[in-house]
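**Student:** sharing a model prediction with you, sequence too.
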Amino acid sequence: MPVVHPSPSGSPLSDLIGSSVVTLDDVSTGQILELLHQAQYIDAHRSTVAHICDGRVLATLFYEPSTRTRLSFETAMLRLGGQVIGFAGAQLSSVSKGESISDTLKTVSNYVDVVAIRHPKEGAALVASRAATVPVINAGDGGHMHPTQTLADLATLESRFGRITDLTIGLCGDLTFGRTVHSLIETLCRFGHVRFVLISPPELRTPRYVLDRIDANPTCSYTEVDDLTAAIGDLDVLYMTRVQKERFFNEDDYLRLRDTYILDEDKLRLSKPHMAVMHPLPRVNEIAAEVDRDPRAAYFEQVKNGMLMRMALESAVVGDALPGYEPLEAKEVRV
Amino acid sequence: MPVVHPSPSGSPLSDLIGSSVVTLDDVSTGQILELLHQAQYIDAHRSTVAHICDGRVLATLFYEPSTRTRLSFETAMLRLGGQVIGFAGAQLSSVSKGESISDTLKTVSNYVDVVAIRHPKEGAALVASRAATVPVINAGDGGHMHPTQTLADLATLESRFGRITDLTIGLCGDLTFGRTVHSLIETLCRFGHVRFVLISPPELRTPRYVLDRIDANPTCSYTEVDDLTAAIGDLDVLYMTRVQKERFFNEDDYLRLRDTYILDEDKLRLSKPHMAVMHPLPRVNEIAAEVDRDPRAAYFEQVKNGMLMRMALESAVVGDALPGYEPLEAKEVRV
Amino acid sequence: MPVVHPSPSGSPLSDLIGSSVVTLDDVSTGQILELLHQAQYIDAHRSTVAHICDGRVLATLFYEPSTRTRLSFETAMLRLGGQVIGFAGAQLSSVSKGESISDTLKTVSNYVDVVAIRHPKEGAALVASRAATVPVINAGDGGHMHPTQTLADLATLESRFGRITDLTIGLCGDLTFGRTVHSLIETLCRFGHVRFVLISPPELRTPRYVLDRIDANPTCSYTEVDDLTAAIGDLDVLYMTRVQKERFFNEDDYLRLRDTYILDEDKLRLSKPHMAVMHPLPRVNEIAAEVDRDPRAAYFEQVKNGMLMRMALESAVVGDALPGYEPLEAKEVRV
């Protein structure tokens, strides 16, 4: 590691130095709160942190394309003063030329300080993290689960409400196959004190194992409904997801349901004035463009928060402290 | 914006801060002259400007490949001390995955300070500039028009002749479909005092609307000829373009005309000793390789000038002043 | 060149400033020893060199994909404080759009301080170096020969044994088509005092012209054998290569030979305790994964040494001295 980087101390994040983040289970609730706090500090002190990763190099190893995610990881490192190498899906052929993920990671560990990996196969990030001698961050593997999307979602709750608990959170659309939504529910249940309103057609309900996670925390609860219009008035947060045509048995069902799950100004008028509309992006037509102008629209803030959380996470795992940052007081985390 | 960047003042370029450049109509003649002046300053003071964009990030969003242009935009930002993220044509698929240009630009606006966009559809750069919250520079959309190519051409006139007016400029080849040539003519007509010699086969003459632009400025004039050899002796500048085989009705016409519009040493011998040979590149065979050694060859200087003008433009739109640079005296610009 | 870079003096490497490296014949034995010495210095003084190429830009022009090599060249420049532009195979189309390598290099010479080029055609790097006005480093052309792979191999000998001569070096596998192996033999013969043990099936023996190079140096010698197990005990170095199925006339021969040339723990047990196992990577199955844990495994060190040698070479050709580095005493190089 070319340049001297003082390590942070007195912070739960010091345990993250050198660690890989394959799922959010690799990060404690205390560490998540600390990362949320750091993201806000970073946003308010961009000049202060602009060189803390001087001399660091990030590798973005994207075995399938995901431009949005790749650019977020890369910008995060560049805005910390570090550098980036890598490949995106299209250049994959030369990498996969008979070489195992393990060998690629052992090779790349000689070049960089931290790796962000995206791979179509579930488990690839875990394999990568075991072979690498530097921290590996999962940027999505199999079913497109990736922990930093959930961190972006939490950061958006924090910046809108000053908290990630004591909220009524509506999740709307495809709740069967939407891994983003499952990951958010599971992580929120680690903190507790959340009421979920699960809004979907009967064909696309939340799977039992996710509901079990909610049931397991007595401070959390859920209701399942299929009418967005009826439910929207109670929500602090409306998290929209794509409803993919191919999930339906027939065209008629799709057409009948589609409009029900499109958020437009008419439906938005029924919601609380401070409700936050979220979406993992890219959207197709689940949210009408007219909604963008409404102050409740928070989905482009999620993009910014994703970058900030990746800045916090990348600096944490390589061990570069944020100058002037004071860690949260050690506080009992509710679980 | 992570790092403190003092804004330039007392310069017509201060109006460009935060502005998008979709066409050169977005830039006043006074601003064009200032950018030309800055490019020369930058070339002479490379160390001085090497860190003025420290903390800035450029996104190159290339929806179609154009490696030459992309590398020029990227080098420009890197040589100012900034950083680059982006994608090139091949990785497009993931971006276009149902997402509108507007949404992509709203997303990327959270990551970067300035965007260079290339897109096969006319109007894409305008759409992008309206959605983005950071300046957008058109790197070519529809018919491959892009304002920074014209700026590179003007900078080459300036560096060769110390002026961009009072010149006899020959334009040779495909004058019907060559957007580069149209843009150059239109921009020079804003400054006036140029004599155009339009050298093409009858099938590939300059369109009426472009000739109207010349007619509209009483200090400009043109002649249309079809013989390069006869015309070359009068020229200060010979701007060559590609003649594409597929523009012709039949092979015979193509073969007959092709040789007429190839510049070689024999034809060059008939020109003034200080004539400048220009070409937007890439060339196929319009200019023989032997011409490269002649001091009149200016086409690789155009490449350098393109990078310098992009350095001037990128620093102008993000608002980073050039240390020690003195703006041109406010002067009446002839139009 | 944007920033002031003091030139090294009193070193044989000062002759490399501005030079292209198409083959290792472009580098004297004295310069090779100096580069090996520098690589070790760089490894031990990473902070010291982290900014010596500030303001420099490297272009990686990869006309065919070779992610591993590209990332090594790029990391080398980034870890010296420089920047990188370029393209990888997939984006090739726009470059090759009728443009010659010469024109591309003349264009890119306006952008950067040094070029690394990879091209499927033999001779492409030489053509590139003649057209460019900046140093060009061959990153592989035709048959995938590239001098920096050999430099990585030599650096691994140096770091393991403190010398690159007075060694018994076994080369195992496909010795007919393996250009990496030929280049290593030829370069070692320039230094002399090496005993080669050439281990291959009869079908894949070392070509006569390579053997002639060994014969031409009276301090070098070789034996040809086909049994790895019998030979391994005598070796200081075992350099493994891929045996490609398609080299064989029939499946039976392939299956019969394959196992003979796979290195596993059983065979390794027969070797000297300080033998170094090398491989140019990527491996397919020539070395069992269990060998990775053995201290004799040196192939991932080769990766690191490749990066270090590229750091030494890139800084040498652009003329950026290593602060505090003392050149090797002028010493008579044995040839």
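**Tutor:** Noted; the coordinates are in hand.

**Student:** distance of the residue lying farthest from the centre of chain A from residue A:72?
**Tutor:** With distances taken as C-alpha atoms, centre = their mean, the residue sitting farthest from the centre of chain A turns out to be residue A:252, at 33.5 Å. According to C-beta to C-beta, to the nearest Å, residue A:252 stands 39 Å off from residue A:72. Using the backbone N, CA and C atoms, a C-beta is placed for each residue, glycine as well.

**Student:** where are the low-confidence patches of chain A?
**Tutor:** Low-confidence segments of chain A (pLDDT under 70): A:1-11, A:90-98, A:143-144, A:246-249, A:329-335.

**Student:** and the lengthiest helix in it with chain C, contact?
**Tutor:** When chain A is parsed with DSSP state H, its longest helix is helix A:299-318. No. Helix A:299-318 lies out of reach of chain C by C-beta under 8 Å from any C-beta of the partner chain, never closer than 14.4 Å.

**Student:** and that helix, how far out from the chain middle?
**Tutor:** Put simply, helix A:299-318 sits 9 Å off its chain's centre (C-alpha atoms, centre = their mean, to the nearest Å).

**Student:** and the residue farthest from the centre of chain A, that one's in a strand?
**Tutor:** No. With the criterion set as DSSP: H, G, I helix; E, B strand; the rest coil, the secondary structure at residue A:252 is helix rather than a strand.

**Student:** from chain C, how far out is it?
**Tutor:** When C-beta to the nearest C-beta, to the nearest Å is applied, the distance between residue A:252 and chain C equals 42 Å.

**Student:** ok, that residue to residue A:258 distance?
**Tutor:** From residue A:252 across to residue A:258, the span is 11 Å (C-beta to C-beta).

**Student:** kindly report the same for residue A:35.
**Tutor:** Residue A:35 is 37 Å from residue A:258, where distance means C-beta to C-beta.

**Student:** same thing with residue A:42?
**Tutor:** As defined by C-beta to C-beta, residue A:42 lies at a distance of 39 Å from residue A:258.

**Student:** who's more crowded, the two?
**Tutor:** Counted by other C-beta atoms under 10 Å in any protein chain shown, residue A:42 and residue A:258 do not tie: residue A:42 has more neighbours, with 24 against 15.

**Student:** residues contacting residue A:290?
**Tutor:** Residues in contact with residue A:290, defined by C-beta atoms under 8 Å, 6 or more residues apart in numbering or on different chains, are A:264, A:265.

**Student:** three-state assignment of it?
**Tutor:** Look at residue A:290: counting by three-state DSSP, its state is helix.

**Student:** tell me the SS of the nearest residue to residue A:21 once chain neighbours are set aside?
**Tutor:** The shortest distance from residue A:21 to any non-neighbouring residue, by C-beta to C-beta, 6 or more residues apart in numbering or on different chains, is to residue A:137 (5.0 Å). Of the three states, residue A:137 takes strand according to three-state DSSP.

**Student:** for the one 3 residues further on, same thing?
**Tutor:** Under three-state DSSP, residue A:140 falls in the strand class.

**Student:** wait, what's in contact with the closest residue to it other than its chain neighbours?
**Tutor:** Across the structure, with C-beta to C-beta, 6+ apart as the measure, the residue nearest residue A:140 apart from its sequence neighbours is residue A:146 (3.8 Å). Applying C-beta under 8 Å, 6+ apart, one finds that residue A:146 lies in contact with A:69, A:118, A:138, A:139, A:140.

**Student:** try residue A:196
**Tutor:** If you count contacts by C-beta under 8 Å, 6+ apart, residue A:196 has them with A:169, A:170, A:171, A:185, A:214, A:220, A:221, A:222, A:223.

**Student:** of those residues, which is the nearest to residue C:323?
**Tutor:** Nearest to residue C:323 among the contacts of residue A:196 is residue A:185, at 54.5 Å by C-beta to C-beta.

**Student:** which secondary structure element contains the closest one?
**Tutor:** In the assignment (DSSP states H and E), residue A:185 maps to helix A:179-191.

**Student:** how about the residues of chain A near chain B?
**Tutor:** Taking C-beta under 8 Å from any C-beta, the part of chain A that reaches chain B is made up of A:46-47, A:49-50, A:65-68, A:71-72, A:74-75, A:78-79, A:84, A:88-91, A:281-284, A:289, A:292, A:300, A:303-304, A:307.

**Student:** show me these that map onto helices.
**Tutor:** With helices taken from DSSP H, the overlap with the residues of chain A next to chain B comprises A:46-47, A:49, A:67-68, A:71-72, A:74-75, A:78, A:300, A:303-304, A:307.

**Student:** and the gap between the nearest residue to residue A:258 once chain neighbours are set aside and residue A:183?
**Tutor:** Beyond its immediate neighbours in the sequence, the residue positioned closest to residue A:258 (C-beta to C-beta, 6+ apart) is residue A:243, lying 6.6 Å away. Summarising the geometry, the distance separating residue A:243 from residue A:183, computed by C-beta to C-beta, is 18 Å.

**Student:** who's more crowded, these two?
**Tutor:** Each of residue A:243 and residue A:183 has its neighbours counted (other C-beta under 10 Å); residue A:243 has more, 26 against 21.

**Student:** how about the strands in chain A?
**Tutor:** Listed in chain order, the strands of chain A (DSSP state E) span A:57-62, A:83-87, A:114-119, A:136-141, A:167-172, A:194-199, A:221-225, A:237-240, A:276-278.

**Student:** pop the domain breakdown of chain A in here.
**Tutor:** Using automatic domain parsing, the domains assigned to chain A come out as A:12-145+A:306-318, A:148-302.

**Student:** residue A:137 and residue A:117 touch, don't they?
**Tutor:** Yes. Taking C-beta atoms under 8 Å as the definition, residue A:137 is a contact partner of residue A:117 at 7.4 Å.
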